[in-house]
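1. prediction below, plus the sequence it came from.
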Amino acid sequence: MAPTRARATIHTSFLLLLLVIFLSCDLLDRIIASSGEASEEEFTEELLLKPLPDKKILAHFHFQSTVPPSDSIGHHHHLFPKAIAQLVKKFHIRELELSFTQGRWNYESWGGSDPMSNINAKPPGVEMWAVFDLPVNDINESWKGLTHALSGIFCSSVNFLESSTAYSAPHWGLRTNSSSMRYGALPREAVCTENLTPWLKLLPCRDKAGLASLLDRPSIYKSYYHSQRLQLFSSDASGIILDQTLTVVLQPNVQRNGMPNSYDRFLQPNWSIMSMFKKKVTGQCALAKASSIFIELEDGLATELEKLGAGESWNNLAFDLSVAPDRVIKEHNSMEGKSSSILYEFKVVKYSKYEPLDVGIKWKLPLVWSCPEAPFHARRFLMGSGNERGSIAFSLQPTQSRDQFLSDSHKCTVRAVIFQVVPWYVKVYYHTLQIFIDGRSVPVVDVVEKISVSPSEDKVSPGSLQMMLRFPCDMNSTALAMDFDKGFLHIDEYPPDANQGFDIPSAVVSFPDFYSSRSYLEGNCLKHPPLLLKLQKRTVLQSYTEVLLVPLTTPDFSMPYNVITFTCTVLALYFGSLLNALRRRIGEEERLLKSKDSKQVGLIPRLLSKLKGRTLESHQSSSGSTASSKPGAKWLFKVIFVAIFAVLWHYYSNID
């Protein structure tokens, strides 16, 4: 029996060993498969620098993370941020864009028709929109959960967009055929480092290596404009593509070498990466597939260089680059009679901390040019006075670039789409819409091609306006006006700074007939840098208007405090005086004062009593009897005694 048991034990142990080996092999295969999927994840980092006509510099950081479609999305990733992947999976997001912006984009000086300004110019505060892959009845619930999740990730007030009074559901005014879209904006959101730090944590190398290490906080937050944006696209075919961009407009402050000249004030300021960000590029992120820096010279500047005969050279009569570029790219398929923009590319992989990269421009001659503008400038302002009624007005004025977009300005029309969200406490009367072309009132039906109005509901939902206009190309100005009433808020609904006013978010004005793109690349090869592919994509021209500040009827919040303090003061004085009069006993107070006077005897009366040879009680009685008759003699004697004592003290002190 013993050998049989021993054989059974050996057989069982052998089976357990085979089972362990099989499970280990299966686990190893899964690890290899997951590592193979992780190896397909990609991360790229790029930086585009562009001089602007008003002596400022545009710095645009672009980071892209991609993950292929897989069953493990949201669980295991090598490069892609897990938090974002989990959001996509939990809330069924197809598209998402979230931006934090401080400052307003200057369309006149910084451009409005090039892809860089068309894509990255955002309104002040927070703007967020998302497209869900869900039934219509479930979208609002997912939107609320998404706002709370993003608010926790980026340490912001995005969760205020969960309220039904803060977001809307545009159908065609913002994007075409997006019935499952939600849009919200917070114009008063302040942007600070608490929002930038979580944004950087989504990068594989954070801000410890690569181009993200250039993000010097003081340089960014003292800029004229900075906007950090997160945009993602999700599909079953391509997986998830996450774009993180940071657009900054800086004012370089570099001292020129040599003697000042008379035309120095017309020269562009010399700048470099070190002068703007206080750091040099010491290499790329170790996990990045590609890392490049681009310097773009736009069309207007390229035209001026062509007049000087500089061409595409990086060392010419107008300027010198501090580092020779690895590649010079010129825009393809440009219009006849128009110079093409130029792009200088620098590969970061060639540099390290022992040989850092500090690319910059040194200007030699003054150059004047202008940025490409949109065909029309869109503005918005308030009319009226008082705290009861007012009007919202839109203005569209053509720019000098209009003729470049229009072939025949006398026999054509232009379309413009206006999307506006109005808070519920601004009650707009959409039937009062008036349209003026070149100062003349025209019928609304002659200009409005399509309109969709969603009236506001008190304390429930905001109002929204989606309107497509069609007006002649040769018009000089177009104006729209709508009347509104100002509502009343409950005292709990006023913000802490209610006297400042209430904000109406920026309106989005787009021109469906005009597109923006840069043709730097031949073909649409996936091996090209993601930033250049982004610039090559045709996008509809759009711009944002100003944020309006509406003063509402505001109560005097200090009045309750004043009433309370005044009432309490009166009651305290009245009851205090009454109780004092009721409880005071005059006879006892006089006896108490006399007893205190008898106890509090000074030094001089004691000395006088000793000099006269009398007791203190007899001296007090005699002094008390003569005090009423001769009070002046008592004080005179004291003064004389003190004077004699002082003279003697001074005399003996001088003798010593």
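-> Arrived safely.

2. use CA for all of it now, contacts and neighbours both
-> OK.

3. count of neighbours near the residue nearest to residue 270 when sequence neighbours are not counted?
-> Using CA to CA, 6 or more residues apart in numbering and skipping the chain neighbours, the partner closest in space to residue 270 is residue 362 (4.8 Å). Neighbours of residue 362 under the rule other CA atoms under 10 Å: 18.

4. also residue 440?
-> Once other CA under 10 Å is used to define contacts, residue 440 is seen to have 10 neighbours.

5. what helices or strands is the strand or helix carrying residue 200 leaning on?
-> When elements are assigned from DSSP states H and E, residue 200 belongs to helix 193-201. Counting contacts by 3 or more CA pairs under 8 Å, 6 or more residues apart in numbering; DSSP states H and E, the secondary-structure elements packed against helix 193-201 are helix 136-154.

6. packing partners of the next helix or strand after the helix it packs on?
-> Remark: after helix 136-154, the chain's next helix or strand is strand 167-168, criterion DSSP H and E. Judged by 3+ CA pairs under 8 Å, 6+ apart, the packing partners of strand 167-168 are strand 181-186.

7. now do the strand it packs on: distance to the chain's middle.
-> Using CA atoms, centre = their mean, to the nearest Å, the distance from the centre of strand 181-186 to the centre of the chain it belongs to is 16 Å.

8. okay, now the sheet partners of that strand, with direction.
-> Here strand 181-186 is paired, per DSSP bridges, with strand 125-132 (antiparallel), strand 167-168 (antiparallel).

9. what angle separates that strand from helix 136-154?
-> For strand 181-186 against helix 136-154, the angle by axes from the mean of the first three to the mean of the last three CA atoms, to 10 degrees is 40 degrees.

10. what are the contacting residues of strand 181-186?
-> Strand 181-186 is touched from outside by 125-132, 143, 158, 161, 166-171, 505, with contacts defined as CA atoms under 8 Å, 6 or more residues apart in numbering.

11. name the helices or strands packed onto the following helix or strand past the helix holding residue 200?
-> Going down the chain from helix 193-201, the next helix or strand is helix 217-221, by DSSP H and E. Helix 217-221 makes packing contacts with strand 239-250 when contacts are defined by 3+ CA pairs under 8 Å, 6+ apart.

12. partner strands of whichever helix or strand comes after the strand it packs on, with direction?
-> Scanning the chain past strand 239-250 towards its C-terminal end, the next helix or strand to appear is strand 271-272 (assignment: DSSP H and E). Applying DSSP bridges to the sheet, strand 271-272 is found paired with strand 360-363 (antiparallel).

13. how about whichever helix or strand comes after the strand it pairs with as CSV, C-alpha atoms only?
-> Heading C-terminal from strand 360-363, the first helix or strand you meet, by DSSP H and E, is strand 376-383. Output for strand 376-383, consisting of C-alpha atoms alone and laid out as CSV, is shown next (Å, rounded to 0.1, in the frame of the first residue of the first chain):
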residue,chain,number,x,y,z
PHE,A,376,-15.1,89.5,-42.1
HIS,A,377,-14.5,90.7,-38.5
ALA,A,378,-17.3,89.7,-36.1
ARG,A,379,-18.0,91.8,-33.1
ARG,A,380,-20.7,91.9,-30.4
PHE,A,381,-21.7,94.6,-28.0
LEU,A,382,-24.6,95.8,-25.8
MET,A,383,-26.9,98.8,-26.3
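
14. for the stretch 351-500 of the chain, which segments are assigned as helices?
-> If you assign secondary structure with DSSP state H, counting those that start in this stretch, the helices in the stretch 351-500 of the chain sit at 402-405, 444-447.

15. buried sites along the first one?
-> In this case it means helix 402-405. Buried residues in helix 402-405, counted by 16 or more other CA atoms under 10 Å: residue 402.

16. distance between that helix and the chain's centre?
-> On the basis of CA atoms, centre = their mean, helix 402-405 is displaced by 33 Å from the centre of the chain it belongs to.

17. what's the answer for the last one, then?
-> Here helix 444-447 is found 38 Å from its chain centre; the criterion is CA atoms, centre = their mean.

18. against which helices or strands is it packed?
-> Other elements packing on helix 444-447 under the criterion 3+ CA pairs under 8 Å, 6+ apart are strand 426-437, strand 463-472.

19. in CSV: those, plus mean neighbour count.
-> Compiled in CSV, the helices and strands packed on helix 444-447 are given as follows (neighbours: other CA atoms under 10 Å):
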stretch, mean neighbour count
strand 426-437, 17
strand 463-472, 19
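
20. right, and these - which one's nearest residue 309?
-> Among the helices and strands packed on helix 444-447, the nearest to residue 309 by CA to CA is strand 463-472 (40.0 Å).

21. quick one: stretch 370-377 to chain centroid distance?
-> Averaged C-alpha coordinates place stretch 370-377 at 25 Å from its chain's average position (CA atoms, centre = their mean).

22. same question but for stretch 208-228, I mixed them up
-> For stretch 208-228, the distance to the chain centre is 13 Å (CA atoms, centre = their mean).

23. also stretch 197-204?
-> Using CA atoms, centre = their mean, the distance between the centre of stretch 197-204 and that of its chain works out at 16 Å.

24. so what touches that stretch?
-> Contact partners of stretch 197-204, identified using CA under 8 Å, 6+ apart, comprise 63, 79, 80, 81, 153, 154, 155, 206, 207, 212, 287.

25. buried residues of stretch 235-255, list them for me.
-> Residues of stretch 235-255 classed as buried: 240-252 (neighbour count, 16+ other CA under 10 Å).

26. repeat that for stretch 77-96.
-> Residues of stretch 77-96 classed as buried under the neighbour-count rule (16+ other CA under 10 Å) are 77-81, 84-85, 87-88, 91-96.

27. distance of the residue nearest to residue 270 from residue 322?
-> Distance, residue 362 to residue 322, by CA to CA, to the nearest Å: 7 Å.

28. biggest separation within the contacts of stretch 197-204, which pair?
-> The widest separation within the contacts of stretch 197-204, taken as CA to CA, falls between 155 and 287 and amounts to 26.5 Å.

29. show me the contacts for the closest residue in space to residue 451 that isn't next to it in sequence.
-> Excluding the flanking residues, the one nearest residue 451 by CA to CA, 6+ apart is residue 467, at 4.2 Å. Residues near residue 467 by CA under 8 Å, 6+ apart: 173, 417, 418, 419, 448, 449, 450, 451, 452.

30. and which of the contacts of stretch 197-204 is nearest residue 370?
-> Distance to residue 370 across these (CA to CA) is lowest for residue 63, with 28.6 Å.

31. please parse the protein into its domains.
-> Per the record, the chain has its domains at 40-363, 376-505+546-550, by automatic domain parsing.
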